[in-house]
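1. Quick one: sequence and predicted model below, then my questions.
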Amino acid sequence: MKDSKLKAGLTNTSSWIGIAAIVIFCLAPFYWMIVSSLRPTKDIFDTTLWPKTLSMENYTQVFDPSRQFGRSLLNSVLVAGLTTVLALVIATITAYALARLEFPGKSIILTIVIATSMFPLVAIVVPLLKLFTAWGWINTYQAMILPDLSFALPLAVWNLTSFFKQMPRELEQAAMVDGCTPGQAFRRVILPIAAPGVFTTAIIVFINTWNEFLIAVTMINKPEMQTAPVAISKFGGVSGFETPFGSQMAAGVIVTIPLVILVLLFQRRIVAGLAAGGVKQ
């Protein structure tokens, strides 16, 4: 009995040590980014775990009117928000059809869907640039939203298809017995139950789109149209040979905090969606 309790205690302790190590490993870069953003410019290369002198000058520099960083944040919200909404609307309908309908080649379609998400973005940037230039789409929101949507949709469709497959068909059958049409059963019964999975997919799509850089930096050359990641990459120092590490760190904190808050606020829905998609009902 004592040996079993000792083994259980050691297992529990080692589990907590492993969890703590993973948390520290994941959060250390973000912590260092916060600490560096609070250092004065003259102390930016200090290696102390906490700034000797706390300073908000880096955050003040981030929102200097000449940098238009506030506008860049709004552009990121607009692009990521529209991409997420469009991806969810299209992916929800598509995934439900793939999960419920039987037709030839369905497995092939699902394979193609997931294969497209693995296609390297860098390989299509130049063709997209040429195409959008011909259409007059350079420096427009659709030049960022459509490519982002093309990479967000496969992931969303795959996630939601797996989620809908776990839901029992008896739900629709019971709704139609009560007088619902297939469309009404989908809207009134399936969608409310599928909310955790849809919400989880929305968070994943939003985060991926929020962090997208390559398309935005290629298709946009006007400062007032660029997104936050592009704006950060173009921050300049006092001279052309100086890299503004402090203001870049501060901007990185500003861009990251909304995502952290979003995940913390809705973590229960995210966990519920992930669990519901992985457990057969």
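-> The structure has been received and is ready for your questions. Source: prediction; values computed, not measured.

2. In stretch 127-136, which residues are buried?
-> Across stretch 127-136, burial judged by 16 or more other C-beta atoms under 10 Å covers Leu128, Leu129, Phe132. Glycine gets a C-beta too; all of them are placed from N, C-alpha and C.

3. Any chance of these in JSON lines with secondary structure, pLDDT and distance to Ile44 as columns?
-> Output for these, formatted as JSON lines (DSSP: H, G, I helix; E, B strand; the rest coil; pLDDT from 0 to 100; distance: C-beta to C-beta, whole Å):
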{"residue": "Leu128", "secondary structure": "helix", "pLDDT": "91", "distance to Ile44": "37"}
{"residue": "Leu129", "secondary structure": "helix", "pLDDT": "92", "distance to Ile44": "36"}
{"residue": "Phe132", "secondary structure": "helix", "pLDDT": "94", "distance to Ile44": "38"}
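
4. So which of those is the closest to Ala87?
-> For these, the closest approach to Ala87 (C-beta to C-beta) belongs to Leu128, at 18.0 Å.

5. For the closest one, which residues are in contact?
-> Pro147, Ile215, Thr218, Met219 (C-beta atoms under 8 Å, 6 or more residues apart in numbering).

6. State the distance from it to Asp43.
-> The gap separating Leu128 from Asp43 is 43 Å, by C-beta to C-beta, to the nearest Å.

7. what's around Gln248, how many residues?
-> By other C-beta atoms under 10 Å, 20 other residues sit near Gln248.

8. Assign it to helix, strand or coil.
-> Look at Gln248: counting by DSSP: H, G, I helix; E, B strand; the rest coil, its state is helix.

9. is it true that it touches Ala231?
-> No: using C-beta atoms under 8 Å, Gln248 is not in contact with Ala231, being 10.2 Å away.

10. Distance of Thr53 relative to Thr181?
-> 67 Å.

11. Tell me the helix or strand right after the lengthiest helix in the chain.
-> Across the chain, the longest stretch assigned as helix under DSSP state H is helix 2-37. Sequence order places helix 57-62 as the next helix or strand after helix 2-37, per DSSP states H and E.

12. contacting residues for Tyr96?
-> The contact partners of Tyr96, taken as C-beta under 8 Å, 6+ apart, are Leu160, Phe164, Phe186, Ile190.

13. Next secondary structure element downstream of the strand or helix carrying it?
-> Using DSSP H and E, Tyr96 falls within helix 69-100. The element immediately downstream of helix 69-100 (helix or strand, assigned by DSSP H and E) is helix 106-117.

14. Give me the mean pLDDT for that next one.
-> Averaging the model's pLDDT scores along helix 106-117 yields 81.

15. Secondary structure element holding the residue most central in space within the chain?
-> Among the residues of the chain, Ile207 comes closest to the average C-alpha position under C-alpha atoms, centre = their mean, at 1.4 Å. Ile207 is part of helix 195-210, with elements assigned from DSSP H and E.

16. Done for today, thanks.
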